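S.K.: Here you go, sequence then predicted model.
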Amino acid sequence: MSTPTGFMEYNRQLPIDRDPAERIKDWEEFHKHMSDEELRTQGSRCMDCGTPYCHSGIDMAGGTSGCPVNNLIPEWNNLIYRGLWREALDRLHKTNNFPEFTGRVCPAPCEGSCTVGLIGEPVTIKTIEQAIIDKGFEEGWVTPNPPEKRTGKKVAVVGSGPAGLAAAAQLNKAGHSVTVYERADRIGGLLTYGIPAMKLDKDVVQRRVDLLAAEGIQFITNADIGVNIPAQQLVDEYDAVVLCGGATKPRQFEIEGSQLNGVHYAMTYLNGTIKSFLDSNLEDGQFISAKDKDVIVIGGGDTGSDCVATALRHGCSSITQFGTHDKAPLERDPINNPWPQFPNVYTLDYAQEEAKAIHGEDPREFSIMTTKFVGDEQGNLKELHTVQIQRIVDDSGRKIYQPIPGTERIFKAQLAFIAIGFDGPEQTLIEKLGLDTDRRSNVKANKGKYKTNLDKVFAAGDMRRGQSLVVWAINEGREAAREVDKYLMGSTVLV
């Protein structure tokens with residue numbers, strides 16, 4: 001333990017973010033860094049619990065409790081307190097291949113299950129994690145580390161998101177020759193096309209990709225397996241195939257007027273902006289622009305928030321975000337949302353902070369449902385019709401949303417982005433290989449084994465479990481790599 005009384009002596013501190021009114025003028029990351037001494041103080045608040053739930057990594061009450069990659073959090077908190085940054089980096093990399101990603105975009109379920117959070121504010125875990133890896137790169141401690149010998153086995157990984165990169169990194173570490181196939185023109189999956197640059201700088205992604213390439217991993221872009229490269233070709237040419245594509249099929253939202261000009265799915269909007277930004281700094285105009293438009297975002301999750309932040313940077317006239325959920329309480333409900341569950345409390349995400357700074361209020365509307373889109377004579381969106389809703393239990397025991405009579409409203413809008421989640425992976429590759437799927441259309445492969453019904457084909461990440469967190473994708477990529485190594489070698493050197 002760093003100091004037995006640190007959590008009593010010091011308050012939780014977070015890095016100061018860039019001013020919202022200023023940061024919407026660019027696409028740079030919005031977090032500032034804390035000093036080493038401030039981080040040392042925050043590390044001292046860790047109690048080194050007898051049972052550290054912070055690295056438990058379990059599904060609980062529909063959410064995640066603790067760290068899915070089982071980060072050894074108390075250990076590297078103590079090392080930071082002692083000023084042993086290099087050792088802290090080694091401890092962090094022991095469980096997490098890409099802490100520079102999770103340190104930026106993870107919602108930090110570890111902090112939600114921190115024991116200090118029972119009686120006060122949790123330890124600043126996520127900030128310390130990012131600081132460790134950022135210092136590691138700054139000091140030149142993170143360098144290519146190719147395997148000393150090769151096994152002679154070849155593995156294809158389909159998809160270069162966090163699951164695919166984690167699987168590739170681990171399999172390469174075991175000495176196998178790994179080739180990663182990505183259908184987009186850049187490596188990174190949703191890390192590149194999906195998460196906006198102000199949350200995750202694309203140079204941070206490319207830096208890690210370059211490191212993996214230097215360690216011997218081969219990357220092939222513009223490779224849409226099952227479309228421009230036969231799926232069976234991979235099965236025939238490789239000793240094992242790991243499918244790590246994303247759950248990219250958007251959940252359909254087909255109501256009256258959904259075909260109007262100006263109604264788009266969120267990822268179409270985000271991907272287009274990111275690609276144009278990377279290709280030309282948005283000068284090519286090859287994206288949906290929200291400039292001078294009234295924008296509605298339908299969906300209260302992270303993807304919806306990213307749409308809010310992107311529209312603000314485009315220069316929208318107004319922005320509103322719809323959510324079907326109730327407004328969360330200011331404090332954790334000890335009965336319905338007890339520790340160590342992920343805390344369901346009212347907070348402002350970075351995007352809502354920005355909208356409030358520009359337009360004066362939280363842009364979210366809670367417990368609301370869109371009933372129809374209405375267009376003008378040219379077929380362009382002009383407004384959304386809504387109704388307030390309440391969640392009830394019907395006669396069959398199902399929880400459903402019921403409209404509240406007399407709460408109908410009309411919102412002016414020229415753009416609407418649908419961000420209500422995803423319905424699993426796209427099916428072309430799955431059908432080409434004849435893979436079994438579950439009731440949600442995900443590839444069927446048991447947790448812990450990751451083996452599909454087709455010999456030497458494995459599946460991990462969102463393609464197997466459905467839409468989830470980046471940290472769960474890394475977990476599954478690592479675990480799948482271990483199972484592939486067992487399959488190829490009879491035992492595994494991976495942990």
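M.R.: Alright, I've got the coordinates. Values in this document were obtained by computation on a predicted structure and should not be read as measured data.

S.K.: Point me to the residue sitting farthest from the middle of the chain.
M.R.: E377 (39.6 Å; C-alpha atoms, centre = their mean).

S.K.: Neighbours of the nearest residue to T192 once chain neighbours are set aside, how many?
M.R.: Spatial nearest neighbour of T192, chain neighbours left out: R186 (5.0 Å); criterion: C-beta to C-beta, 6 or more residues apart in numbering. Where you see a C-beta, it was placed from the backbone N, CA and C, and this is true even at glycine. R186 has 21 neighbouring residues, counting by other C-beta atoms under 10 Å.

S.K.: how much space between R186 and Q286?
M.R.: 15 Å (C-beta to C-beta, to the nearest Å).

S.K.: And D394, by the same measure?
M.R.: From D394 over to Q286 (counting by C-beta to C-beta), the distance is 46 Å.

S.K.: And for P334?
M.R.: Using C-beta to C-beta, we find P334 at a distance of 50 Å from Q286.

S.K.: Comparing the two, which residue is more hemmed in?
M.R.: The neighbour comparison of P334 against Q286 (other C-beta under 10 Å) goes to Q286, with 12 against 8.

S.K.: what sits against the nearest residue to I16 once chain neighbours are set aside?
M.R.: Nearest residue to I16, sequence neighbours excluded (C-beta to C-beta, 6+ apart): K32, at 5.2 Å. Residues in contact with K32 (C-beta atoms under 8 Å, 6 or more residues apart in numbering) are P15, I16, D17, R18.

S.K.: So the residue nearest to T192 sits against T221, correct?
M.R.: Yes. Counting by C-beta atoms under 8 Å, R186 does reach T221; the two are 6.5 Å apart.

S.K.: How is this structure partitioned into domains?
M.R.: What the record gives for the chain is the domain set 6-138, 154-248+423-489, 263-418, from automatic domain parsing.

S.K.: quick one: the strands in the stretch 201-350 of the chain?
M.R.: Per DSSP state E, counting those that start in this stretch, the stretch 201-350 of the chain carries strands over the ranges 218-220, 240-243, 263-265, 294-298, 318-322.

S.K.: Return the most buried member of these.
M.R.: Counting by mean count of other C-beta atoms under 10 Å, strand 240-243 has the highest mean neighbour count of these, with a mean of 28.

S.K.: buried stuff in the longest strand anywhere in the chain?
M.R.: Ranked by number of residues, the top strand in the chain under DSSP state E is strand 381-393. Neighbour-count burial for strand 381-393 flags L381, K382, E383, L384, H385, T386, V387, Q388, I389 (criterion: 16 or more other C-beta atoms under 10 Å).

S.K.: In these, find the pair that's most separated.
M.R.: Spanning the widest gap among the buried residues of strand 381-393 are K382 and I389, at 23.4 Å by C-beta to C-beta.

S.K.: Run through the strands of the stretch 51-200 of the chain in chain order.
M.R.: 58-60, 63-65, 154-158, 177-181.

S.K.: Tell me which of these sits most buried.
M.R.: The highest mean neighbour count among the strands of the stretch 51-200 of the chain, using mean count of other C-beta under 10 Å, belongs to strand 154-158: a mean of 26.

S.K.: sorry, back to before: any chance of the strands of the stretch 51-200 of the chain in TSV, with mean pLDDT and distance to L282 too?
M.R.: Putting the strands of the stretch 51-200 of the chain into TSV (pLDDT from 0 to 100; distance: least, C-beta to C-beta, whole Å) gives the following:
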stretch	mean pLDDT	distance to L282
strand 58-60	90	39
strand 63-65	92	35
strand 154-158	98	30
strand 177-181	98	28
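
S.K.: Would you format those strands as a markdown table with distance to I128 included?
M.R.: Converted to a markdown table, the strands of the stretch 51-200 of the chain look like this (distance: least, C-beta to C-beta, whole Å):
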| stretch | distance to I128 |
| --- | --- |
| strand 58-60 | 22 |
| strand 63-65 | 19 |
| strand 154-158 | 30 |
| strand 177-181 | 30 |
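
S.K.: Tell me which of those lies nearest to V470.
M.R.: Closest among these, using C-beta to C-beta: strand 63-65, at 11.6 Å.

S.K.: what's the closest one packed up against?
M.R.: strand 58-60, helix 109-112 (3 or more C-beta pairs under 8 Å, 6 or more residues apart in numbering; DSSP states H and E).

S.K.: Between these, which one is closest to N96.
M.R.: helix 109-112 (11.2 Å).

S.K.: mind checking pLDDT for D394?
M.R.: Note on D394: pLDDT of 84.

S.K.: burial count for it?
M.R.: By other C-beta under 10 Å, 9 other residues sit near D394.

S.K.: before we move on, what about N446?
M.R.: Close neighbours of N446, defined as other C-beta under 10 Å, add up to 10.

S.K.: which SS class is it?
M.R.: Secondary structure for N446, judged by DSSP: H, G, I helix; E, B strand; the rest coil, is coil.

S.K.: Take the strands of the stretch 201-350 of the chain and write them to a markdown table, including distance to T370 and mean pLDDT.
M.R.: Output for those, formatted as a markdown table (distance: least, C-beta to C-beta, whole Å; pLDDT from 0 to 100):
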| stretch | distance to T370 | mean pLDDT |
| --- | --- | --- |
| strand 218-220 | 41 | 98 |
| strand 240-243 | 35 | 98 |
| strand 263-265 | 10 | 98 |
| strand 294-298 | 6 | 98 |
| strand 318-322 | 7 | 98 |
